[in-house]
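A.B. asks: Structure for the following, please:
(2 chains)
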Amino acid sequence: MSAVLHAHPESGPALGVAGPEKSRRVLSEAGMQGRWWRFVLILAITAIVLVPIMVTVVLALTPGPNSTATGLTLENITGVFSKTLAGTWLTNSLITTLSTVIVSVAVAAPAGYVLSRGRSKAVSGYSLLLFVMQSLPIITSVVPLFILFAGLGLVDNLLGLIIIYVGSTMTVATWMMAAYFDSIPVSLEEASWIDGCSVFGSFTKVVLRNSLPGILSTAIFAFLLAWNDYLVAIVFLRSNEIFTLPVGVQSFFQQNLTDWSGVMALAVVMMLPPIIVFATLNKYFSVGGIGGSLAGR
Amino acid sequence: MSSTTAQSGLARARRGLAPGGPGGGSLDHPGNVNRKSKLSSQTRRTFFWLLLPSIVLLILINGYPLIYAGVQATHDGSLIDTGNFVGVDNFATVLSSPAFWKAAQFTLWFTIVGVFGSWLVGLGLALLLRTKIPAGGTFKVLLLLPWVVPIVVSSTAWNWLVATPDSLIPSIFRNLGLGTPLFLADPHLAAVMVMVFKVWVSFPFMMMMISAALASVDTTVYEAASMDGASKWQQFTQITLPMIARSTYISWILMTIFCVNDFPTIYLLTGGGPVDATTSLVVLAYRSVFQDFQTGTGVAIAFLMTLTLVLVSVFLYRQIRKSSVE
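C.D. replies: Numbers count the residues shown, from 1 in each chain, chains lettered A, B, ... in the order given. I've put the predicted structure just below:
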């Protein structure tokens, strides 16, 4: 909080109102000093905040106790792929997550469109229902779904996991899509209707075609949720070769409590995909949309 | 649908869709004056089909389990057997057990610290990052990492940092002559540790929400205010805070839901221990079902939590809607 109080008094716009030339120069020097002071402050905060992540990377790249390598090495990471099922877990995680993302967006986009354009009691009632459903603890539905899925052969099965992930991402995904559609002018659709387009046609040809940032933002959200889930995965996955990475990493950790280089190597394998996704697509991602859609309807 | 003529399409636009969403742009058709006009039946049908997959999934994956959970909460069954109807016995057992109230108390503290701790840190960093800083954009992305990195990974790293007396952080304390704190073995310290970990995981979310809200604040307001002699603190409390009030409330609500429902942050760091000091309601429910095989009690705990959350969230949802209609 002290960061707020210190940083704020120096913040930008007020400096611009200085009158005479001389005092403006003095002020901008003070401004420059403030900039560097804030740079050092944020650098220190970021460094402290990232300690756990840096520790993970450093330990993963440091040669283990039985190693002959010196300096930094990738042998821990290649090692976990040969001594554990890391490759299988990674594949399982990718299959589960990507399927969740695709289905989730495919369900949420049309629903979000209706939430954005439809203005009826039924539609706003459905929006409220989505809100209530997303606030339910997943533990409530895990037990009934476990019993249901056991009968259907969906326990210890990636398909079962995908179904649950879609269920838990689709509510927020629907709002995010709705919030994005709100920003697309209806006049675009009107123009297409004049050209003889149906409502469905204008949704797919006009609205969806202009919604790439919204779709990517929703996809990133679903990706993070599915990739990072632990609770559903430990309940539903039983056998080693069906594990997704969270369960795999955790089981390896519990069985090899002192093999930190192995644990951290697995951890790095697990955190790379979300970091890559976020680093490349982060300009599209906005959680502001979640809030906006919540308040908007 | 394919036979729709331009005429009827336009008519449908006027009657039905044109009132549009809040961002739908201003519509100057005289036909749109009546914002409550009914949707045409064809548009309604399209809307229904577009919504159908969502409705089906919501009923199957979210609705059905909820109802079934209600059934289980009133039975003494296990994971493989529904058991006999026992009425409200499970609820009575739960409500009279000290473990439940202890977990409820921990959940409350965890939520309060989680929500306001991450909000304060997120607000501070969002305000700092709003100013001109060299490489500001890079910091913004780097600071999101705690939220992006899977909890399984970060909890492992935190374990390495604090778990044993020989871990890095306790060693630093010892070398500074501050004793050797047992961060995860001492009940009080473990509770604090879990909350600090939660704030560490959640502040980026708050930072993003607040940054988005701050971006829409018109900076000329500050110039006017400082001309009028308002101090920086006054500008903060009387301009900045009110401007971000709506997204602040929303972020509090979402974070409350995230904290109450949180499982991995707690379970992976401490497993709910030591001596149940960090057992939240979700962890308690999980244990009842999957370790003690008391499905009825576990679901009853989850159900009580759910009921509270639903009531709270419907109330708050109405509040937000009211405040945004103004």
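A.B. asks: Residue in the stretch 51-200 of chain A with the shortest distance to chain B?
C.D. replies: Among the residues of the stretch 51-200 of chain A, A:Gly167 lies nearest to chain B; the distance is 2.9 Å by Cβ to the nearest Cβ. To be clear about C-beta, it is placed using only N, CA and C from the backbone, and glycine gets the same treatment.
A.B. asks: where in the chain is pLDDT low?
C.D. replies: By default, I'm working from chain A. Within chain A, the segments meeting pLDDT under 70 span A:1-31, A:286-297.
A.B. asks: other chain: chain B
C.D. replies: Across chain B (using pLDDT under 70), the flagged ranges come out as B:1-39, B:80, B:321, B:323-326.
A.B. asks: Surely B:Leu128 touches A:Leu43?
C.D. replies: No: assessed by Cβ atoms under 8 Å, B:Leu128 is found out of contact with A:Leu43, at 11.3 Å.
A.B. asks: Looking at these two, which one has more neighbours?
C.D. replies: B:Leu128 (22 against 15; other Cβ atoms under 10 Å in any protein chain shown).
A.B. asks: right, and the helix or strand after the helix or strand containing the more buried one?
C.D. replies: If you go by DSSP states H and E, B:Leu128 is part of helix B:98-130. Downstream of helix B:98-130, the first helix or strand assigned by DSSP H and E is helix B:136-142.
A.B. asks: Report the distance from that next one to the chain centre.
C.D. replies: What separates the centre of helix B:136-142 from the centre of its chain is 23 Å, taken as Cα atoms, centre = their mean, to the nearest Å.
A.B. asks: got a list of contacts for that helix?
C.D. replies: A:42-43, A:46, A:50, A:278-279, A:282, B:129, B:133, B:211 (Cβ atoms under 8 Å, 6 or more residues apart in numbering or on different chains).
A.B. asks: Just those: which are in helices?
C.D. replies: A:42-43, A:46, A:278-279, B:129, B:211 (DSSP state H).
A.B. asks: For ChimeraX, write the select line for the buried members of those residues.
C.D. replies: To isolate the buried members of the ones in helices among the contacts of helix B:136-142 in ChimeraX, using 16 or more other Cβ atoms under 10 Å in any protein chain shown:
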select /A:42,46,278 /B:129,211
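A.B. asks: Can you name the element that comes right after the longest helix anywhere in chain A?
C.D. replies: What stands out as the longest helix in chain A, according to DSSP H, is helix A:86-117. Later in the chain than helix A:86-117, the nearest helix or strand by DSSP H and E is helix A:121-135.
A.B. asks: wait, A:Ser93 sits on A:Trp227?
C.D. replies: Yes: assessed by Cβ under 8 Å, A:Ser93 is found in contact with A:Trp227 at 6.4 Å.
A.B. asks: joint contacts of those two?
C.D. replies: Joint contacts of A:Ser93 and A:Trp227 (Cβ under 8 Å, 6+ apart) are A:245, A:273.
A.B. asks: in stretch B:261-280, what's buried?
C.D. replies: B:261-270, B:272, B:274, B:276-280.
A.B. asks: Which ones among the residues you listed also lie next to chain A?
C.D. replies: B:261, B:263-264, B:267-268 (Cβ under 8 Å from any Cβ of the partner chain).
A.B. asks: which residue packs closest to A:Trp89, ignoring adjacent ones?
C.D. replies: A:Gly248 (3.7 Å; Cβ to Cβ, 6 or more residues apart in numbering or on different chains).
A.B. asks: The one you found against A:Thr84, yeah?
C.D. replies: Yes: taking contacts as Cβ under 8 Å, A:Gly248 lies within contact range of A:Thr84: 7.1 Å.
A.B. asks: quick one: B:Pro187 and B:Met195, what's the gap?
C.D. replies: 13 Å (Cβ to Cβ, to the nearest Å).
A.B. asks: of those two, who's got more company?
C.D. replies: Using other Cβ under 10 Å as the criterion, B:Pro187 and B:Met195 rank with B:Met195 on top: 22 against 15.
A.B. asks: Return the residues in contact with that one.
C.D. replies: Applying Cβ under 8 Å, 6+ apart, the residues near B:Met195 are B:109-110, B:113-114, B:117.
A.B. asks: Tell me the most packed of these, by neighbour count.
C.D. replies: B:Gly114 (26 neighbours).
A.B. asks: The residue nearest to that residue when sequence neighbours are not counted: how many residues sit nearby?
C.D. replies: Spatially, and ignoring its direct neighbours in sequence, B:Gly114 is nearest to B:Cys259 (4.0 Å; Cβ to Cβ, 6+ apart). Neighbourhood size, B:Cys259 [other Cβ under 10 Å]: 22.
A.B. asks: Then B:Phe315?
C.D. replies: 10.
A.B. asks: So whichever strand or helix holds it, near chain A or not?
C.D. replies: Using DSSP H and E, B:Phe315 falls within helix B:295-325. Yes: if you take Cβ under 8 Å from any Cβ as the test, helix B:295-325 does meet chain A, through B:295, B:298-299, B:302-303, B:305-306, B:309-310, B:313-314, B:317, B:320-321, B:323-324.
A.B. asks: Tell me which other helices or strands that helix touches.
C.D. replies: helix A:121-135, helix A:138-152, helix A:288-296, helix B:64-73, helix B:89-95, helix B:245-260, helix B:281-290 (3 or more Cβ pairs under 8 Å, 6 or more residues apart in numbering or on different chains; DSSP states H and E).
A.B. asks: how far off helix B:245-260 does it point, in degrees?
C.D. replies: If you take axes from the mean of the first three to the mean of the last three Cα atoms, to 10 degrees, helix B:295-325 sits at 180 degrees to helix B:245-260.
A.B. asks: tell me the angle helix B:295-325 makes with helix B:281-290.
C.D. replies: Relative orientation of helix B:295-325 and helix B:281-290, computed by the same axes, to 10 degrees: 150 degrees.
A.B. asks: Can you give me the buried ones in helix B:295-325?
C.D. replies: B:295-306, B:309-310, B:313, B:316-317, B:320-321, B:324.
A.B. asks: mind listing what A:Ile276 touches?
C.D. replies: Per Cβ under 8 Å, 6+ apart, neighbours of A:Ile276: none.
A.B. asks: For it, identify the helix or strand it belongs to.
C.D. replies: A:Ile276 belongs to helix A:260-281 when assigned by DSSP H and E.
A.B. asks: so how far is that helix from its chain's centroid?
C.D. replies: 14 Å.
A.B. asks: what comes up buried for that helix?
C.D. replies: Here helix A:260-281 shows A:260-271, A:273-275, A:277-278 as buried, counting by 16+ other Cβ under 10 Å.
A.B. asks: can you state the direction angle for that helix and helix A:86-117?
C.D. replies: With the same axes, to 10 degrees applied, the angle from helix A:260-281 to helix A:86-117 works out at 30 degrees.
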